[in-house]
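Asker: Kindly generate the corresponding structure for this input.
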Amino acid sequence: YGISGPFWYAAGGTLQILLFAIISVQLKIRAPGAKTFLQLIQARFDKSTHIVFCVFALITNIIVTAMLMLGGTAVMTNLIQEFSIEVGTIMTCGVIACYTFIGGLGATFYVSYFNTAIIFIIMLIFIMKIYFDPNAMSEENPLGSSDIAYEYLRCALAPEGNYNGSYLTFLSLGGLMFGIINIVGLFGTVFVDQSYWQSSVAAKPKEGVWGFLSGGLVWFAVPFGFATTTGLAYISLSARQGTPLLTPSQVDEGLVPPVIAQRLLGHSGEIMLVTAIVMAITSTGSAEVMAVTSILVYDIYAIYWKPYRSTTDMNTCILCGR
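Answerer: Numbering: from 1, shown residues only. You can find the predicted model right below:
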């Protein structure tokens, strides 16, 4: 879809996060003692509704984690020789388990700040290499300038539905349909994901609002900037070569960034891309682990398996009863 695809994908995720900032304040004001959004549903509605939303919340966490693991392992198996999906899964789970188990929810916040900073640095390196490289049109970097990329993009024929058959347009029927589907679908992955709610619970109302507002803007920059840069670079290199660098199935697997990293930045680009992917997976994966733990403890164990009793002291362990 050209530049409209990354724009609608980024906008689809940003809109929900910005709206979630308003809901997070209401949770802190109306239910300051709630640990999960499911506790609010359990207090407002009946048992059946609470169980249904518990299932939805757990499925959402599983889907988000599975998408991260699938995309990350697909890229790493392409970049690292003899790297299997099993090894990638074990490595990712081990990293997530280490600092989540040791530091808890607080550690996930600090690690996420650090990981986000590193991801932005890597993204800026890719952008500078593709659009502002002093050694443009060299053997190592056939691009390196926005003018060169533009000339190659003019020769590429965009999918049907793009205005004037160009990749450099927001007027794309396919991109618009993708944007509508993406916006509607991501409402579920944001508002039913406990990882967002637990961040709201851990913060003060004012800090939570500013955090989600700034987080939404930061989120927009990553997919729009990185996907636009690598996507247009891939199309430019394909137009220069005369044939696509990847098959349609490989493009759907998310292998465009690895190809750009290999072609333009060599081994260092591969290392940077693997680093960014591992950091993104571990940051989001740790939040999902904490979210599932909160649901299992506060909404399943403490309510249905071993409910709280009025005679139990507030300092009593909810697991062993002592």
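
Asker: which one is residue 152 nearest to, not counting chain neighbours?
Answerer: Closest residue in space to residue 152, ignoring its immediate chain neighbours: residue 236 at 3.8 Å, by CB to CB, 6 or more residues apart in numbering. Where you see a C-beta, it was placed from the backbone N, CA and C, and this is true even at glycine.

Asker: gap between the host helix or strand of the one you found and the chain center?
Answerer: Using DSSP states H and E, the secondary-structure element containing residue 236 is helix 205-241. In this view, helix 205-241 has its centroid 10 Å away from the chain centroid, taken as CA atoms, centre = their mean, to the nearest Å.

Asker: Tell me the spacing between the residue nearest to residue 152 and residue 51.
Answerer: Plainly put, residue 236 is 52 Å away from residue 51 if you go by CB to CB, to the nearest Å.

Asker: What are the buried residues along the very next helix or strand once past the helix holding residue 236?
Answerer: Under the assignment DSSP H and E, the closest C-terminal helix or strand after helix 205-241 is helix 248-252. Residues of helix 248-252 classed as buried: residue 250 (neighbour count, 16 or more other CB atoms under 10 Å).

Asker: what does helix 248-252 contact?
Answerer: Residues lying outside helix 248-252 but in contact with it, judged by CB atoms under 8 Å, 6 or more residues apart in numbering, are absent altogether.

Asker: mind listing what the nearest residue to residue 303 once chain neighbours are set aside touches?
Answerer: If the residues on either side of it in the chain are set aside, residue 303 comes closest to residue 42, at 6.7 Å by CB to CB, 6+ apart. Applying CB under 8 Å, 6+ apart, we find residue 42 in contact with 50, 299, 303.

Asker: Dump these into CSV; add distance to residue 225, neighbour count and pLDDT as well.
Answerer: Supplementary listing: the contacts of residue 42 in CSV, determined by distance: CB to CB, whole Å; neighbours: other CB atoms under 10 Å; pLDDT from 0 to 100:
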residue, distance to residue 225, neighbour count, pLDDT
50, 41, 21, 92
299, 38, 24, 88
303, 43, 18, 83
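
Asker: Run through the stretch 101-250 of the chain and note the low-pLDDT ranges.
Answerer: Low-confidence regions of the stretch 101-250 of the chain, defined by pLDDT under 70, span residues 103, 105-107, 136.

Asker: what about the longest helix in this structure?
Answerer: Scanning the chain for the longest helix, with DSSP state H as the assignment, gives helix 85-131.

Asker: Give me the next element, helix or strand, following that one.
Answerer: Counting by DSSP H and E, the element that comes right after helix 85-131 along the chain is helix 146-155.

Asker: which other residues reach that next one?
Answerer: By CB under 8 Å, 6+ apart, the residues outside helix 146-155 that reach it are 130-132, 136-137, 142-143, 166-168, 232-233, 235-237, 239-240.

Asker: and of the contacts of residue 42, the nearest to residue 260?
Answerer: In terms of CB to CB, no member of those lies closer to residue 260 than residue 299, at 43.3 Å.

Asker: what about that closest one, distance to residue 20?
Answerer: From residue 299 to residue 20 the distance is 20 Å (CB to CB).

Asker: Over to residue 88?
Answerer: Where residue 20 is concerned, residue 88 sits at a distance of 31 Å (CB to CB).

Asker: Please identify which of these two sits among more neighbours.
Answerer: Using other CB atoms under 10 Å, the more surrounded residue of residue 88 and residue 20 is residue 20, with 24 against 21.

Asker: Show me which residues of whichever strand or helix holds that one are buried.
Answerer: With elements taken from DSSP H and E, the one containing residue 20 is helix 4-30. Residues of helix 4-30 classed as buried by neighbour count (16+ other CB under 10 Å): 4-18, 20-21, 24-25, 27-28.

Asker: And for stretch 115-128?
Answerer: 115, 116, 119, 120, 122, 123, 126, 127.

Asker: so which strand or helix has the residue lying closest to the third one once chain neighbours are set aside?
Answerer: Read it as residue 119. The shortest distance from residue 119 to any non-neighbouring residue, by CB to CB, 6+ apart, is to residue 276 (5.0 Å). Secondary structure from DSSP H and E places residue 276 in helix 266-294.
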